[in-house]
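Okay, structure incoming, though there's no sequence with it:
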């Protein structure tokens, strides 16, 4: 009997201080699921030793895949990751970030529901990552409602599980390199009633390093 495979897609930019701990936290998830499951980390042109750290851990963990690429931002990087997982034949694709803000222990409630929904989103009900991020989420929610007529609880959350076959169809509607790809993706799933469910998750402060997006850049975005 074939086991469902999971590809965890994780973008990383200047995460030298975080990436080792994050790998140690998330690798047991793909190991437990087994089969052809993989943890895929895309180094988005980091200027520090992020990719060297990933390569170091690859020698230890056979299910870890490190991909080095030029910098193109978070949205373009996760799109590359999604396409990579779809092309590799993943059954399910999960995306989270590499700042250590999300908890692997909360993943299993998503995995249990994988057959019922097209998109399972970790709703950041209580956020600990600063007022500016919370402000942007609320403004974005309003903008999406006014633009698309769709009320989205948390459009850009980096904690989402997707059916790969369905995701492959949604990806055709998203331009390559699109910066807010997760946002647009969430809107598409909602507008087309592709079985979206929100599950509350813990969202901690960044565990180490500096956030690459400050308030000035957020306003520009």
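Yep, that arrived. Here the structure is a predicted model, which is why all the values come from computation and not from measurement.

For the residue nearest the centre of the chain, give the beta-bridge partners.
Centroid-nearest residue in the chain, with C-alpha atoms, centre = their mean: residue 95, separated by 2.7 Å. Counting by DSSP bridges, residue 95 forms beta bridges with residue 9, residue 160.

what's the answer for residue 196, then?
residue 119.

which ones are touching it?
117-121, 186, 189-190 (C-beta atoms under 8 Å, 6 or more residues apart in numbering). (C-beta placed from N, C-alpha, C; glycine too.)

nearest to residue 160, of these?
Residue 160 lies nearest to residue 121 out of those, by C-beta to C-beta, at 5.2 Å.

tell me the mean pLDDT for the strand or helix carrying that closest one?
Using DSSP states H and E, residue 121 sits in strand 119-127. For strand 119-127, the per-residue pLDDT values average out at 82.

ditto for stretch 26-46
pLDDT averaged over stretch 26-46 gives 97.

what about it, distance to the chain center?
Distance, stretch centre to chain centre, for stretch 26-46: 12 Å (C-alpha atoms, centre = their mean, to the nearest Å).

Next, the distance between the ends of that stretch.
Distance between the two ends of stretch 26-46: 21 Å, counting by C-alpha to C-alpha, to the nearest Å.

Buried ones in that stretch, by neighbour count?
26-27, 29-30, 33, 36-46 (16 or more other C-beta atoms under 10 Å).

ok, now stretch 62-80?
For stretch 62-80, burial by neighbour count (16+ other C-beta under 10 Å) applies to 63-67, 72-80.

In a markdown table: those residues, plus distance to residue 180, pLDDT and secondary structure.
Output for the buried residues of stretch 62-80, formatted as a markdown table (distance: C-beta to C-beta, whole Å; pLDDT from 0 to 100; DSSP: H, G, I helix; E, B strand; the rest coil):
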| residue | distance to residue 180 | pLDDT | secondary structure |
| --- | --- | --- | --- |
| 63 | 30 | 98 | coil |
| 64 | 28 | 98 | strand |
| 65 | 25 | 98 | strand |
| 66 | 25 | 98 | strand |
| 67 | 21 | 98 | strand |
| 72 | 13 | 94 | coil |
| 73 | 10 | 94 | helix |
| 74 | 9 | 93 | helix |
| 75 | 6 | 94 | helix |
| 76 | 10 | 95 | helix |
| 77 | 13 | 97 | helix |
| 78 | 11 | 97 | helix |
| 79 | 11 | 97 | helix |
| 80 | 15 | 97 | helix |
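
Among those residues, which pair sits farthest apart?
Every pair of those checked by C-beta to C-beta; the farthest is 63 and 73, at 26.6 Å.

So for the residue nearest to the centre of the chain, what's the pLDDT?
Confidence score, pLDDT, at residue 95: 98.

Provide a list of residues in contact with it.
8-10, 78, 81-82, 158-160, 162, 182.

Excluding sequence neighbours, find me the nearest residue to residue 37.
residue 30 (4.0 Å; C-beta to C-beta, 6 or more residues apart in numbering).
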